[in-house]
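K.L.:
Okay, sequence plus prediction incoming.
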Amino acid sequence: MYERFTETARQVVVQAQEEARHYGHAYIGTEHILLALLTDLDTLGCQVLNNLGLDLKMARTYLQDATTESDGEVSVGRVPYTTGAQNVLELSLREALSLGHNYISTEHLLLALARGADRVTCLILGEAGLTAEKIRNEVIRELSRKSATNATDATNATVRSHTITDSLLGMLKMIGAEPVALPGTLTVERLEEVADLALKNAGVLGMPQTWRQAWANLADAAQNLVALSEVKEDAA
């Protein structure tokens, strides 16, 4: 199961241990997983909780209110998980599969936490007015929004590559050269081939100067695109 964890999900697991040590707890509970989820603002799990009105500072305040002071003595080495925390990690796989995902990330850990939270975490979520249903609805909303954004980016990339293809073919036609077979979406590798071909033609002796200059311009354009990595292969 753990091989399915994304890097951000792995970081949550690591941070949960640090949170337990921070509070002097000799165990890792679901409350520590919750705090760890709230640590990285760039993750979807954290963004969902923030959208619903819960941030790290608030969660720490609620945790202090819900627990007693620790003596601060934590054994050296690996801090064990409570049964509830272990169940959350295992339940995250089921949550991922229910969404059709073959990986486990912070949003799946959050969904699992919402379903399998123990007493302390339930108190924290309850203070923030969060329920499992609210969290699930917000996760789905954020996933849908990100999916729409990615689809738009992919469409724009495809349009851009088609425009570049048309421009290159137009330059070839303008100098009377044989058209080069170009795919609808250019890859960096294909641009490198175009640049090499253009450089060779730019150096052919006896070719009119205007043609040689046009080939040189074409080579420069293709090389610049490769260097800037502006054109990438369109994902199938």
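P.N.:
Perfect, thanks for sending it. Just so it is clear, the structure is predicted and the values come from calculations on it, not from any experiment.
K.L.:
domain assignment for this structure?
P.N.:
Following automatic domain parsing, one finds the domains of the chain at 2-130, 154-228.
K.L.:
Comparing these by mean pLDDT, which bottoms out?
P.N.:
When those are compared on mean pLDDT, domain 154-228 scores lowest, with a mean of 58.
K.L.:
Give me the distance between residue 60 and residue 32.
P.N.:
Distance, residue 60 to residue 32, using CB to CB, to the nearest Å: 11 Å. (C-beta placed from N, C-alpha, C; glycine too.)
K.L.:
Between those two, which is the more surrounded one?
P.N.:
Neighbours of residue 60 and residue 32, each counted by other CB atoms under 10 Å, are more numerous for residue 32; the result is 28 against 16.
K.L.:
what about residue 46, is that helix, strand or coil?
P.N.:
helix (DSSP: H, G, I helix; E, B strand; the rest coil).
K.L.:
Number of residues surrounding it?
P.N.:
23.
K.L.:
isn't it right up against residue 35?
P.N.:
No - look at residue 46 against residue 35 with CB atoms under 8 Å: they stay out of range, at 10.7 Å.
K.L.:
Leaving out sequence neighbours, find the closest residue to residue 14.
P.N.:
residue 36 (7.9 Å; CB to CB, 6 or more residues apart in numbering).
K.L.:
residue contacts, that neighbour?
P.N.:
The contact partners of residue 36, taken as CB atoms under 8 Å, 6 or more residues apart in numbering, are 11, 12, 13, 14, 15, 16, 18, 19.
K.L.:
Shouldn't the fourth one be within a strand?
P.N.:
This means residue 14. No - counting by three-state DSSP, residue 14 is not part of a strand but helix.
K.L.:
quick one: the helices in the protein?
P.N.:
7-22, 30-37, 44-51, 56-66, 83-98, 106-116, 119-127, 132-174, 188-202, 209-228 (DSSP state H).
K.L.:
so how far is residue 10 from residue 27?
P.N.:
For residue 27 relative to residue 10 (CB to CB), the value is 20 Å.
K.L.:
hmm, back to that, just the buried subset of the contacts of residue 36, please.
P.N.:
11, 12, 13, 15, 16, 19 (16 or more other CB atoms under 10 Å).
K.L.:
Nice, that's everything, thank you.
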